[in-house]
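S.K.: Predicted structure and sequence below. I'll ask about it afterward.
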Protein chains: 6
Amino acid sequence: MRGPAAIGAEVRRVVGPAFTLRFIPAREDLATTSAWSLPRSTRAAIEEMPEGCVVIASTPDVAEAGIFGDILCARMVRRGVRGLITDGVLRDAAGVRGTGLPVWSRGFAAPPSVSGLIFEGWQEPIGCGGVAVYPGDLIVADADGAVVVPPSMVEFVATAGPEQERLEEWILGEVANGAALPGLYPPNSEARARYEAAKGRGAGK
Amino acid sequence: MRGPAAIGAEVRRVVGPAFTLRFIPAREDLATTSAWSLPRSTRAAIEEMPEGCVVIASTPDVAEAGIFGDILCARMVRRGVRGLITDGVLRDAAGVRGTGLPVWSRGFAAPPSVSGLIFEGWQEPIGCGGVAVYPGDLIVADADGAVVVPPSMVEFVATAGPEQERLEEWILGEVANGAALPGLYPPNSEARARYEAAKGRGAGK
Amino acid sequence: MRGPAAIGAEVRRVVGPAFTLRFIPAREDLATTSAWSLPRSTRAAIEEMPEGCVVIASTPDVAEAGIFGDILCARMVRRGVRGLITDGVLRDAAGVRGTGLPVWSRGFAAPPSVSGLIFEGWQEPIGCGGVAVYPGDLIVADADGAVVVPPSMVEFVATAGPEQERLEEWILGEVANGAALPGLYPPNSEARARYEAAKGRGAGK
Amino acid sequence: MRGPAAIGAEVRRVVGPAFTLRFIPAREDLATTSAWSLPRSTRAAIEEMPEGCVVIASTPDVAEAGIFGDILCARMVRRGVRGLITDGVLRDAAGVRGTGLPVWSRGFAAPPSVSGLIFEGWQEPIGCGGVAVYPGDLIVADADGAVVVPPSMVEFVATAGPEQERLEEWILGEVANGAALPGLYPPNSEARARYEAAKGRGAGK
Amino acid sequence: MRGPAAIGAEVRRVVGPAFTLRFIPAREDLATTSAWSLPRSTRAAIEEMPEGCVVIASTPDVAEAGIFGDILCARMVRRGVRGLITDGVLRDAAGVRGTGLPVWSRGFAAPPSVSGLIFEGWQEPIGCGGVAVYPGDLIVADADGAVVVPPSMVEFVATAGPEQERLEEWILGEVANGAALPGLYPPNSEARARYEAAKGRGAGK
Amino acid sequence: MRGPAAIGAEVRRVVGPAFTLRFIPAREDLATTSAWSLPRSTRAAIEEMPEGCVVIASTPDVAEAGIFGDILCARMVRRGVRGLITDGVLRDAAGVRGTGLPVWSRGFAAPPSVSGLIFEGWQEPIGCGGVAVYPGDLIVADADGAVVVPPSMVEFVATAGPEQERLEEWILGEVANGAALPGLYPPNSEARARYEAAKGRGAGK
């Protein structure tokens, strides 16, 4: 996804199924604080979030209203939400940081969501940062940003990923020892044989 | 709405209730041409469009795929659609012009919608060009772009609008005769009295 | 200047001293239609515009409110204004076209200036489209856009310009006759001699 | 390609192999008009352009300097160049239009290329409007913009294209007669049979 | 205001009346370092800044020249300026940090203001980050960015603000104890009664 | 250069001759991981980098693919590269930080370069962040961003720079002691005399 960037210096990797929220831009005759207690409110959506999910909020064209502050983020933490990702912005930077919820956004803005956004619903397919996100899609977010893992690639990522990381760690060790990259990364057959031998000796980790 | 601009040199004013379409960005593992014949297709949506509506299509973050070409626009014309407005782009500029459908967009792009967009549904609330649009909202579009008339202002627009246009035409006549603006536009009581007198004489249109 | 683009198909060149207008973004608690009749109003500024000037309007960060419509443009035409240039947008495209005033802008938007802009004053130094404009600066605008001619270059432009145009017309003729560009454009001494000879024969026009 | 848009009201389709030009942004200590007569000049590049090519010029991040004006465009026309496409801008709108060269650009700007760009070379791989273009790639440009046809698809486009256009024309005729889209576009087997029958009768054109 | 973002990890809240600075884009024939000692210089403006003010600098369209470095920021600190906010950029990141002046900007750039900006005056109404700022407007800036408090809302903010913060702290405590949001935030009458009772007991801070 | 911003809180100044890399946008039919072992690969380029150089990578229009991760950065560190500057993004934020290579970029993105970029060559003139960079140009990068020092100014920067820094440090001391800026910065003859006297006394450092 383009746009959502990791907030904060210490970012840990977050993985989980997507729980989607859909906002649309506000209109002067529509947005009122009384909307907060309607059935179709962000509060009601938060109470539906399952433990372990990653929340993805779509806020097309609106970067002047922060979608959530400390209170809603604190409740998400209590419900076991693993992270919050938005192509918009949050508000109350200090308070949100205080809740410990890992967040990815375009930054922060002081005005509350009601001044720029209307909450339309949850668990619908949405666009976020230029890609489609469906409820339940696997989301991986870390210091590099957030990505959707297509269902057809989930197994590949789960199995081939750790082996690829092991290989890259071994290559990094070779580089630290002064090896040049051609033939090593990506590894040719000779390099791969050396890696397999090292792995056999319990190294490469 | 920001973004949708009138296409073509001769633009006539279009007024009607909104019929909304919602697209989300495509994802390589999801978009296929076979999606065209699904129940939730743009073809099915077009068959639901009532005569006299104005179609508003939301295409967040995607300006590289044209949502409709000549065939779909021709069918909309047959169904009595009054205009098509999108914050994205169309394709097949010559063909669309040939159908006579008034269109407002950010321009044209050659690739078809399937290469950049997924159609998610119709008659949902959407954001388009930075404002909320609900199914049935009154839309007015002309050479200046497109606006949503909030329901609470529809009657005011319908009754006060023609009188305001009559007044502005009279002012324009005064300016053509060399009158200066202060006191005339907006009119002070003296100018307004002259306008009312002119109106009484059947002038001012 | 970046931003202001010629509006309309037939654009004639406009030259004249700058008359500057400065807008700032509106704020909900400040912009009211009653501001229209204040001494510091666009109406009052228009009455100060001298015949032959080119109006340059600065509208930082605001492209959602059209600064002028047909009535104000009509009055400018009556006062002998040669053109209107803005890094923002106009409203009432059809009406403005009807006044015959040459305009350069980022386009058109339906909402009036009062909904997005406050008029702050006139004949102040302003920024427009990324360059400084001082009252009285010579402005040249044509189908390519608008430029400020620095005072130190006005004489050069006035004298060297026509000769350069004559030379380029002669070169264009040579190209039409099949001449290659190297040595011709820019002209080497041989090409320049041929040009001078042609000019002597009364050609080159 | 994003960015290059057709200039002018009457745009005819242009097809041909790419001839690439690479510009980089200027730097005050480097750009001088004396550079115009160097071997590595745009003039020299133009003399290398083969008849029938489509010129693609890359101008990263620079929209304030027009790469070519009437003289260079006139010479390209003489050499049989079919079209000029750039992700930057041109200058001398009226003059360029006068040469009859079909152009696709982001618009026009008055300053010449020397004030914002340095010409680096020709027939190198370049990026233009977000896609790679290699010398000789097949380019197709029309009112919708410009696209690169990958070599592996050239034959498909050449053979399947006309048949697809014939089919779409038949569908458009059906729509004009009041047919609904589901089952017709894309055609199901029944519709396709009717199309084949019509084609057999010499219709579909 | 859009654009100005808090710089630095530890951001304290800054409140005070606005002292405005107005820059316009530079032009090659105008900007010179000799301008630094003119009466209308940033140096002279700084000597006019009253203790406790918040400086707001407008720099339309220019993000390539840093308006101030360490020396000017150090002098502002000496004069009791509480913060510096700009929709442009600063220069000399390390030096500015060293002065301890809280700053909000779009970032940093190495070139000095003279290379991209002309200082036009101070204590004029300006636009900054898309909103109007008048001299003396109350400014509040923290980790979320900067906002202008309209005069009509100053008293409300001063009195209702602390009570609202107290209420939100109590709600945050309830959330920490596992309470769900519906009925609590915003509080219904039952929740508000519990809050009032807690406040009576000296809790809620 | 616009775009490349210092990554990380502790940024030290980096100086050295430019080693340029040129990427172009990817195209679906061209980018493959097999390209990694071609002679014209980033791996081969890295083996050409001389000790002490500063790498400048041009990635026009592409911010969705990270050009390098930890392995390539680690190899650059081994080869004595002083810094890496790009107008695009990197990937593997944590890993890159771990190599200790000073980097300036627009941020990070998870997808690898192969998904969005093609490597075209090295030590060619490139554009980066809106300015021309030639192989061997002197680059200076610090917390304010990166600049190219034109060859004609290298000696001036080398000799006048330290004296200017000494002067500014003296001025900063004066400001700390409460001195006002007019007459001091820039220094008039009286201030300059005091500075020279202080320098004579061994102060000013």
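M.R.: Sure thing, it's come through.

S.K.: Could you find the closest non-adjacent residue to A:P111?
M.R.: Once flanking residues are discounted, A:P111 sits nearest to A:A65: 4.9 Å by Cβ to Cβ, 6 or more residues apart in numbering or on different chains. For every residue, glycine as well, the C-beta is placed using N, CA and C.

S.K.: Give the phi and psi angles for the one you found, as a check.
M.R.: Dihedral pair for A:A65: phi -140, psi 130, per degrees, to the nearest 10.

S.K.: which ones are touching it?
M.R.: Contact analysis of A:A65 by Cβ atoms under 8 Å, 6 or more residues apart in numbering or on different chains lists A:26, A:88-89, A:91, A:109, A:111-117.

S.K.: Check A:L117 too.
M.R.: Contacts for A:L117 (Cβ under 8 Å, 6+ apart) come out as A:23-26, A:31, A:59, A:62, A:65, A:67, A:88.

S.K.: and it, what are its phi and psi?
M.R.: According to degrees, to the nearest 10, A:L117 has phi -140, psi 150.

S.K.: What strands flank the longest strand anywhere in chain A, and is each parallel or antiparallel?
M.R.: Identified as the longest strand of chain A according to DSSP state E is strand A:14-25. Sheet neighbours of strand A:14-25, with direction, are listed as strand A:54-58 (parallel), strand A:117-122 (antiparallel), strand A:138-142 (antiparallel) (DSSP bridges).

S.K.: C-alpha coordinates for the longest one, PDB please?
M.R.: Coordinates of the C-alpha atoms in strand A:117-122 are reproduced here as PDB (Å, rounded to 0.1, in the frame of the first residue of the first chain):
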ATOM      1  CA  LEU A 117     -15.100  12.100   7.400                       C
ATOM      2  CA  ILE A 118     -18.300  10.000   7.600                       C
ATOM      3  CA  PHE A 119     -18.100   6.400   8.700                       C
ATOM      4  CA  GLU A 120     -19.900   4.300   6.200                       C
ATOM      5  CA  GLY A 121     -19.500   0.700   7.300                       C
ATOM      6  CA  TRP A 122     -17.200  -2.200   8.200                       C
END
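
S.K.: Would you mark the buried spots in the longest strand of chain A?
M.R.: By neighbour count with 16 or more other Cβ atoms under 10 Å in any protein chain shown, strand A:14-25 contains the buried residues A:14, A:16, A:18-25.

S.K.: Dump these to CSV, plus pLDDT.
M.R.: Shown next, in CSV, are those (pLDDT from 0 to 100):
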residue, pLDDT
A:V14, 95
A:G16, 96
A:A18, 97
A:F19, 98
A:T20, 98
A:L21, 97
A:R22, 97
A:F23, 95
A:I24, 94
A:P25, 92
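
S.K.: Out of those, which is nearest to chain F?
M.R.: Closest to chain F out of the buried residues of strand A:14-25 is A:V14 (12.7 Å), distances taken as Cβ to the nearest Cβ.

S.K.: Let me know whether that closest one touches A:D142 as I believe.
M.R.: Yes. Using Cβ atoms under 8 Å, A:V14 makes contact with A:D142 at a distance of 7.2 Å.

S.K.: what about the strands in chain A?
M.R.: A:5-6, A:14-25, A:54-58, A:83-86, A:103-105, A:117-122, A:126-128, A:131-133, A:138-142, A:145-149.

S.K.: Give me the nearest residue to A:G8, chain neighbours excluded.
M.R.: Here the residue nearest A:G8, using Cβ to Cβ, 6+ apart, is A:R97, at 6.6 Å.

S.K.: Buried residues in stretch A:93-100, which are they?
M.R.: Result for stretch A:93-100 [16+ other Cβ under 10 Å]: buried residues A:93-97, A:99.

S.K.: Let me know how buried A:A193 is, in neighbour terms.
M.R.: 11 (other Cβ atoms under 10 Å in any protein chain shown).

S.K.: and A:G95, how far is that from A:E64?
M.R.: Relative to A:E64, A:G95 is positioned 19 Å away (criterion: Cβ to Cβ, to the nearest Å).
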